[in-house]
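Asker: Quick check, what structure comes out for this input:
(one chain, ligands or ions: 3)
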Amino acid sequence: MTDSITLRRPDDWHLHLRDGAMLAAVTPHSAGFGRAIIMPNLVPPVVTGDQAAAYRDRILAALPNGAALQPQMTLYLTDTTDPADVVASHRDGIIHAVKLYPAGATTNSASGVTDFDRVRPVLEAMAEAGIPLCVHGEVTDPAVDIFDREAVFIDRVLDPIRRKTPGLRVVMEHITTSDGVDYARSGGDGLGATITTHHLVINRNHILAGGIRPHYYCLPVAKRETHRIALREAATSGEGRFFLGTDSAPHPDRAKLQPCGCAGCFTAPNTMSILAHVFEEDGALDRLEAFASLNGAAFYGLPPNEDRIRLTRRDTAAAYPATIRAGDETVTVFDPGFPLYWHLEDA
Ligand SMILES: NC(=O)N[C@@H](CC(=O)O)C(=O)O
Ligand SMILES: [Zn+2]
Ligand SMILES: [Zn+2]
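Answerer: Ligands and ions are numbered 1, 2, ... in the order given. Here you go, the predicted structure:
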């Protein structure tokens, strides 16, 4: 049995680091990744190149000495985003992508796009400059069943946008359905999809197992088991279009344990151990490097990281905190529901 694997340092192509005390508390848990695409859904959101540069400095200040992490900043697309600012920020190396949240689709998305025709000039400028659009792919129409919102978004929004904007590079963020997998496969080199750690582990039953489990509630919400299996198959396939975006999304327990608790799973502390477990279970440990370390870099036009990490399978379970402190708040770490025998080592 394989008991040790070495990978090029992984990257996280979808990460929430927040701000203030939360930023200080969670950033060290992602410090071992190489590059990370940093989500801009702060309150207020990161909407200009200047704001992205300032946020990047706050992240760098929160990193421990010697951390590998290089934050790759994004802008939050709104109805009033200035195409010239997007293009200039990308040209100057400040941003690496633009994030599309349909208004109201998820946590802190109130400033998101309400009318896709309004952002057409931005999308056209992005296609021209080769700037990827990262998409939270769910419709917000309350008449659409929450479990169908990803599939309906693909038909009603994503496919029309891609048809109207040839050449636009698109990342379907945190896909959760076989529809998402199939659509990602139908595109060419300019279409990629991130898959989270938690969606490889939980299905919708986990959220309602003997009671409501708020720490398994995220958006897009976990779907039925057939979809989880499709995601596992895609992630472990080695295909270049699928890559890791943890969507590690910390919230104070105070905000999650509420009559209307917010969405997000905090997976940064144990992601690599969980992924090794999942890939081993599917007989695909040799493809973990493609998913976590190679495919995303290639999509973003970056070389893979040169240095390596090592994961070792031991008889004793890896210890990780059940919760961490962030200022006065407690944040619960994602519990995969099984012991983690893969330990992350320094290479
Ligand atoms: N995934 C989530 O459930 N929550 C994310 C937002 C997002 O990525 O949609 C968050 O910012 O908390
Ligand atoms: Zn999202
Ligand atoms: Zn997210």
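
Asker: so V170 touches V157, yeah?
Answerer: No: using C-beta atoms under 8 Å, V170 and V157 do not qualify as a contacting pair, with a distance of 11.3 Å. Heads up, the C-betas are built off the backbone N, CA and C, glycines and all.

Asker: The two - which one has more neighbours?
Answerer: Neighbour tally, V170 and V157, criterion other C-beta atoms under 10 Å: the higher count belongs to V170, 24 against 18.

Asker: all helices for the protein, in order.
Answerer: 20-26, 49-62, 83-91, 120-129, 149-153, 159-164, 178-186, 225-235, 253-256, 271-281, 288-289, 295-299 (DSSP state H).

Asker: Export those helices as a markdown table, with columns for mean neighbour count, distance to S111 and mean pLDDT.
Answerer: Below are those laid out as a markdown table (neighbours: other C-beta atoms under 10 Å; distance: least, C-beta to C-beta, whole Å; pLDDT from 0 to 100):
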| stretch | mean neighbour count | distance to S111 | mean pLDDT |
| --- | --- | --- | --- |
| helix 20-26 | 18 | 19 | 98 |
| helix 49-62 | 17 | 12 | 98 |
| helix 83-91 | 18 | 16 | 98 |
| helix 120-129 | 18 | 14 | 98 |
| helix 149-153 | 23 | 19 | 98 |
| helix 159-164 | 15 | 19 | 96 |
| helix 178-186 | 19 | 25 | 98 |
| helix 225-235 | 20 | 29 | 99 |
| helix 253-256 | 16 | 19 | 98 |
| helix 271-281 | 22 | 28 | 98 |
| helix 288-289 | 22 | 36 | 98 |
| helix 295-299 | 22 | 26 | 98 |
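
Asker: quick one: low-confidence parts of the stretch 1-150 of the chain?
Answerer: 1-2 (pLDDT under 70).

Asker: Can you tell me which residues in it are near ligand 1?
Answerer: H16, N41, T106, T107, N108, H136 (C-beta under 6 Å from any ligand atom).

Asker: what about 5 Å?
Answerer: The stretch 1-150 of the chain has residues H16, T106, T107 near ligand 1, with proximity defined as C-beta under 5 Å from any ligand atom.

Asker: quick check, nearest of these to ligand 2?
Answerer: T106 (4.6 Å; C-beta to the ion).

Asker: Next, the contact list for that closest one, please.
Answerer: T106 makes contact with N41, H136, E138, L219, A263, according to C-beta atoms under 8 Å, 6 or more residues apart in numbering.
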